[in-house]
Each structure stands twice: as structure tokens, then as C-alpha cells.
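Asks: could you work out the structure for the sequence below:
(2 chains)
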Amino acid sequence: NAGVTQTPKFQVLKTGQSMTLQCAQDMNHNSMYWYRQDPGMGLRLIYYSASEGTTDKGEVPNGYNVSRLNKREFSLRLESAAPSQTSVYFCASQGAMSNQPQHFGDGTRLSIL
Amino acid sequence: AQSVTQLDSHVSVSEGTPVLLRCNYSSSYSPSLFWYVQHPNKGLQLLLKYTSAATLVKGINGFEAEFKKSETSFHLTKPSAHMSDAAEYFCVVYSPGAGNMLTFGGGTRLMVKP
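Replies: Next comes the predicted model:
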């Protein structure tokens, strides 16, 4: 019963490096989301995908890109990492009804030096 | 527009005593409201949800919350705290017209003393 799986769990990057965070869900959900979590700020939405083939910006999209590869997978890419992107990143998925709860992965802890 | 305010960033209780985590929201529409719990180094787990049915909502692990429209509040309570309740709790609001976006409160860290 995997739910939402994120890889990697931890990563340390140098400023200017790029990387892709992976997310996959096995619940046949239409919608997927990427959040970042910073102390005292709750979760802030970076990008979301309401369905396969569509993506939209959230509250804090600058410095990130996303790809909805298929219904299961939604990746987040940092093209040129900056120290301000040090955070914990969460992927979530949601079924068909938009007022239903989202299901979260365990997060990727990313440090940028 | 929608917003969520969790009134306490930290709450400390003794084991066996009641828990109260406070949440106020604002929304231009009839909202759905959620409480999530996050244990260290874990993702968010749904505790309970309100989606316009009964105003008193029961969740997992003995938690419950009451939706009070007149007070725009959705406070989380538990009659008797357990050590395993120590975690961070997030109040979350969803409104139609806000896309598919949830708005998260800043979180309340619950500490339980033996």
C-alpha cells in the first residue's frame, strides 16, 4: 500500500547545480501537487497538475519547473539551485472530487550550500 | 480569497490532560476544512475533514473538531493527550473558486509532557 512515493529522501546540492525530484502515486488520482515546507510557514504550493497533460503555477513557482510524465508521475526540477530553495519538498495527490483530502509523500529534504 | 490562522505556534500539555489546538479561517465560499498531523521526518497524515455535513467531526486517534461558521473557527480537541500525540498539526482550508488549491495554516507544535 505505497500511496505517494518520493525520491530521493535527502539531497545536498551546491549552488547552481540542477536536480529533479521524483514523485509517483498508485491511487489512480487525477491531481498531483508539489509543496515546499519552511519553518513557521506551513506548506506553500509550488506547482500542481489537475490532470495528465496539464500543469499550473501555485503560490511560489519561481525557480522551479514540473513535468506530469503520465497519470502516476509528477516531477519537480530545480534548474539552478539557490540557497533559498533549501527546504522540505512534499508531493501530494488527490482524487476526482476537489474538496477531498490530499495524500502526501514522506518528503524530500533538500539542502543547498 | 481564503486564509487560515493557527493561533498558537506551540502548545504544551501533560499526558492525560485535554488538548485544544485553535484554528480560524476566512473564505469567500463555503469551505471544506481539514486537520493534518505531521510526525518528525514524515509526510502529512489526515486526521479529519469537514465538508458541509455534520459540524462536529470525529477523526482518528480520538481527535475531533467543531466547525463554527459564526466564529469562523475549526478548533481541534482531544479529551486526553497521549505521548504519541506529540507532533505538528496543520489546519487547512479549501474553497470552491480557489482552483484546486489548499491553504495551510502555519502549524502548531504539540508537546506532551509525561
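
Asks: show me what from chain B comes close to chain A.
Replies: Selection of chain B residues close to chain A by CB under 8 Å from any CB of the partner chain yields B:4, B:9, B:32, B:34, B:36, B:41-46, B:49, B:51, B:90, B:94, B:96, B:99-102, B:104-107. Using the backbone N, CA and C atoms, a C-beta is placed for each residue, glycine as well.

Asks: so among those residues, which ones count as buried?
Replies: For those, a neighbour count by 16 or more other CB atoms under 10 Å in any protein chain shown gives the buried set as B:4, B:32, B:34, B:36, B:43-44, B:46, B:49, B:51, B:90, B:94, B:100-102, B:104-107.

Asks: from these, which land in strands?
Replies: Of those, the ones assigned to strands by DSSP state E are B:4, B:32, B:34, B:36, B:44, B:46, B:49, B:90, B:94, B:102, B:104.

Asks: pLDDT added to those, as CSV?
Replies: Below are those laid out as CSV (pLDDT from 0 to 100):
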residue, pLDDT
B:Val4, 92
B:Ser32, 89
B:Phe34, 94
B:Tyr36, 96
B:Leu44, 92
B:Leu46, 93
B:Lys49, 92
B:Phe90, 95
B:Tyr94, 85
B:Leu102, 85
B:Phe104, 90
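
Asks: closest to B:Cys23 out of those residues?
Replies: B:Val4 (6.5 Å; CB to CB).

Asks: for the residue nearest to the closest one when sequence neighbours are not counted, which residues are in contact?
Replies: Nearest residue to B:Val4, sequence neighbours excluded (CB to CB, 6 or more residues apart in numbering or on different chains): B:Gly105, at 4.0 Å. For B:Gly105, the contacting residues are A:42, B:4-6, B:23, B:90-92, by CB atoms under 8 Å, 6 or more residues apart in numbering or on different chains.

Asks: and the buried ones among those residues, selectable in ChimeraX?
Replies: The buried residues among these can be selected in ChimeraX (16+ other CB under 10 Å) with this line:
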select /A:42 /B:4,6,23,90,91,92
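
Asks: lowest pLDDT pick from the contacts of B:Gly105?
Replies: Note: of these, the lowest pLDDT belongs to A:Gly42, at 82.

Asks: helices or strands up against the worst-scoring helix or strand of chain B on mean pLDDT?
Replies: In chain B, no helix or strand scores lower on mean pLDDT, DSSP states H and E than strand B:102-104, which sits at a mean of 88. Packing partners of strand B:102-104 (3 or more CB pairs under 8 Å, 6 or more residues apart in numbering or on different chains; DSSP states H and E): strand A:43-49, strand B:2-6, strand B:87-94.
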